[in-house]
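J.: Sequence first, predicted coordinates after that:
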Amino acid sequence: SIALALLAGLVTNVNGWISDSNCKPSVSASMVQLHSTSQQSREQQDIHGQQPAVCAPLANRGVYFTVSVCVGTPPQCFDAVADTGSDNVIITSCVCDDLIGTGCDADAKCFTGTNKSTTFHVAEDPVVEFITFGSGTVETAIATDVVDVGGIRANMSNGLLLIVNKAQLEISGDFQGILGLGLPKTGTTSSGTVMEQESASGLSTSTAIKRPSWACILFPDICDGNDFDQSYRATRQGNRIKDEQLFLRAAGVRRFSLCFLDSGKPGAMRLGVAPFEHPIPQIGQQHWGVSFVGMSVGPRSHAAPSQMIFCGQDQKTAGMSSPCGIIPDSGTTLITGPPQQVKTLETKLCQEWARCRELGNPSSNLFQDLLLNCSSWLSEGAGLAEIPSIFFHVEAGDEVKAFELTSWAFVTQSFDEIYPDKSFCFSGFGEMDYVTKDNGPVWIFGTPLFYEYVVGFDQISRAVSFEQMACEPCTETADLMSLKPRFLNSKPRIQNEGHHIRRIDVSLPL
């Protein structure tokens, strides 16, 4: 493309830094990689958990959270989406801004590597990678440079993706990039994160979240394929050289955690956290995933009901590892699952909610209609707390543990711009068919999970953790999080923006 040609044309003899064993920089006549630590020392840190803990603030953007990601030498910093459903570090290139028709705003923040970062390198004939989100496709060029998050840095050798065309991307706000925090892969496949990556053989099978469907209405090519020239894609990707590496793995960070706060308050991403007290084995091959063995519905702050409405062990057939699966995904706004199971869940919530049950035959539509008219009842009695909680049951070694998500997590409220006193509430559930051979129907638990729990991830032991703790903002000492009090939230979280939706390759296993 013109963008890549321009990017390649800018590549001249760029002097870079090379570090010796004492980390003292020296100048090289050609670009040489900068290693903050040796591969051996990184592995030792991974095994023994010796990476010191740091806390990186997460800026609250309403429907997603961003973290400051600094790229290059000297550093250029960007607000990137903290996304456990993506693999890559993706930043918008200023080459995108220089061209007409690439969808980039000339005033938007962007990265300049050539003649500005001494550690930057891109091939003379840059390799292209097409990345597809629920809100569109971007064209990226693969490059090398130093990346820093919260004072922890690593050299992303052929692991930095620079956006050179985002004309098909429809996303609200100032999108500057993504920090991929996905599962380290053990196989050889390069595709298959929650964020779909296009393959050289053409489009992979995928689906989009069906509710809300505004993205598909505005950009039907997002849901039904796209207009990119596939022979061009195959030619450009046939010689792909992108290293499949995660920033935190490259930086020697073994464990990390994420948690969110509402009302515009910042969340927190803690890197190098202590071993989990209650680890849950992760079962995913392509995604962070846990064994989902049942969903139940009951009163808030009560013991989890034992009666499962779906995904119980009785639905596990011969050869399956689990009846269902859950992907904890910080980059998705909704909780998504198979359409029929979503309807069953909302119907059960209506049945167990007295106000809904009294209106007639409990149903998913009745539940949604009552939420939509929340301004008529939200100030009465217990308010939001009268809506039952959902309890998801997961396998944790030799036992099954139940975790509660209250209505505060999965119900949001929006206010009318013309009539401020009028508000509407919405269910945080979306429909998506993703059925796997080994793990049955797969649910994606998006931001509601991270509002209710501190969610931890261990890249070496491949475990996750859900802790009912207060999400404490970052402090200079990165204090440990205290237990969250069991209080009743009577008002929903406010969300006036559209959902941050996800596109997923459903042909791949969990």
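T.: It's in.
J.: tell me the SS of G430?
T.: Put simply, G430 is strand when judged by DSSP: H, G, I helix; E, B strand; the rest coil.
J.: so where is the chain shaky, pLDDT-wise?
T.: Counting by pLDDT under 70, the ranges of the chain that qualify are 1-52, 134-135, 171-173, 186-245, 476-490, 498-503.
J.: quick one: contacts for the nearest residue to F65 once chain neighbours are set aside?
T.: Among residues not flanking F65 along the chain, L58 sits closest, at 4.0 Å (Cβ to Cβ, 6 or more residues apart in numbering). Where you see a C-beta, it was placed from the backbone N, CA and C, and this is true even at glycine. Counting by Cβ atoms under 8 Å, 6 or more residues apart in numbering, L58 makes contact with F65, T66, V67, A82, L258, F260, P266, G267, A268, M269.
J.: For L58, name its beta-bridge partners.
T.: G267 (DSSP bridges).
J.: Quickly note the distance from it to L258.
T.: Distance, L58 to L258, by Cβ to Cβ, to the nearest Å: 7 Å.
J.: who touches both of these two?
T.: Counting by Cβ under 8 Å, 6+ apart, the common neighbours of L58 and L258 are F65, A82, G267, A268, M269.
J.: residues contacting the fourth one?
T.: Yep, that's A268 we're talking about. By Cβ under 8 Å, 6+ apart, the neighbours of A268 are C55, A56, P57, L58, S257, L258, C259, C471, E472, P473, C474.
J.: again with the last one
T.: For M269, the contact set (Cβ under 8 Å, 6+ apart) comprises C55, A56, P57, L58, V67, A82, G150, F256, S257, L258.
J.: quick one: contacts for the third one?
T.: Same thing as P57. V67, S68, P266, G267, A268, M269, P473, C474.
J.: JSON lines please, covering these and showing distance to T332.
T.: Shown next, in JSON lines, are the contacts of P57 (distance: Cβ to Cβ, whole Å):
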{"residue": "V67", "distance to T332": "17"}
{"residue": "S68", "distance to T332": "21"}
{"residue": "P266", "distance to T332": "19"}
{"residue": "G267", "distance to T332": "15"}
{"residue": "A268", "distance to T332": "19"}
{"residue": "M269", "distance to T332": "17"}
{"residue": "P473", "distance to T332": "23"}
{"residue": "C474", "distance to T332": "23"}
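J.: Is W353 in contact with A385, as I believe?
T.: No: if you go by Cβ atoms under 8 Å, W353 and A385 don't touch, sitting 11.0 Å apart.
J.: re the thing from before, closest to V138 out of the contacts of P57?
T.: Checking the contacts of P57 against V138 by Cβ to Cβ gives V67 as the nearest, at 19.3 Å.
J.: The helix or strand containing the closest one: partners in the sheet, and parallel or antiparallel?
T.: Per DSSP states H and E, V67 falls inside strand 65-71. Looking at strand 65-71 with DSSP bridges, its partner strands are strand 54-60 (antiparallel), strand 76-83 (antiparallel), strand 136-149 (antiparallel).
J.: Export those strands as TSV, with columns for distance to N165.
T.: Shown next, in TSV, are these (distance: least, Cβ to Cβ, whole Å):
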stretch	distance to N165
strand 54-60	26
strand 76-83	18
strand 136-149	4
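J.: which stretch among those comes nearest A251?
T.: strand 136-149 (7.7 Å).
J.: about what we covered before: make a PyMOL selection of the buried ones in the contacts of L58.
T.: To isolate the buried ones among these in PyMOL, judged by 16 or more other Cβ atoms under 10 Å, type:
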select buried, resi 65+66+67+82+258+260+266+267+268+269
